[in-house]
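Undergrad: here is a sequence together with a model predicted from it:
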Amino acid sequence: MSETWGALAQSLPAATTLTDIYTAAKRGTVEVIACNRSSSTTIRISHAINGAADTGAQYLIYDAALASGETKVTARFTVRAGDILRGYSASGAVAFNVNGIEEDA
């Protein structure tokens with residue numbers, strides 16, 4: 001059976017609030033797109049293996065500048081069931097989209 005790459009989750013976290021944006025149900029390959037809908041801000045994206053509590057080692061992007069109307073995309077990476085992706089923006093105006101493919105193990 002073939003799988004199709006597509007949207008897995010969307011989130012618009014409140015300002016200065018680290019928020020779970022996606023919890024993997026299966027093994028998969030994903031990327032995170034952060035789109036700034038307002039004035040310049042900073043963003044963070046983390047990958048918590050097996051839903052671990054937040055630590056500095058989890059960050060893929062940390063306090064990266066994101067100009068008004070700008071989009072940043074992570075490299076594609078793998079997740080396992082129970083992994084959590086988290087997003088943060090200083091402004092609360094950044095939409096996070098997780099695209100990818102989940103596979104049966």
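TA: Structure's in. What do you need?
Undergrad: state the mean pLDDT of stretch 15-25.
TA: On average, the pLDDT along stretch 15-25 is 97.
Undergrad: to the chain's geometric centre, what's the distance from stretch 65-78?
TA: Offset of stretch 65-78 from its chain centre (C-alpha atoms, centre = their mean, to the nearest Å): 9 Å.
Undergrad: try stretch 10-24
TA: Using C-alpha atoms, centre = their mean, the offset of stretch 10-24 from its chain centre is 8 Å.
Undergrad: so what touches that stretch?
TA: By C-beta atoms under 8 Å, 6 or more residues apart in numbering, the residues outside stretch 10-24 that reach it are 8-9, 30, 32, 44, 46, 51, 54, 79-98, 102. To be clear about C-beta, it is placed using only N, CA and C from the backbone, and glycine gets the same treatment.
Undergrad: list the residues that contact the spatially most central residue of the chain.
TA: Ranked by distance to the mean C-alpha position of the chain (C-alpha atoms, centre = their mean), the top residue is residue 32 at 4.4 Å. The contact partners of residue 32, by C-beta under 8 Å, 6+ apart, come to 21, 45, 60, 73-74, 85, 87, 96-98.
Undergrad: flag every buried residue along stretch 23-40.
TA: 23-24, 28, 30, 32-36 (16 or more other C-beta atoms under 10 Å).
Undergrad: quick one: which of those residues sit in strands?
TA: Assigned to strands by DSSP state E, the following of those qualify: 23, 28, 30, 32-36.
Undergrad: could you export the residues you listed as TSV, including distance to residue 13?
TA: Shown next, in TSV, are those (distance: C-beta to C-beta, whole Å):
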residue	distance to residue 13
23	15
28	21
30	17
32	12
33	14
34	10
35	13
36	13
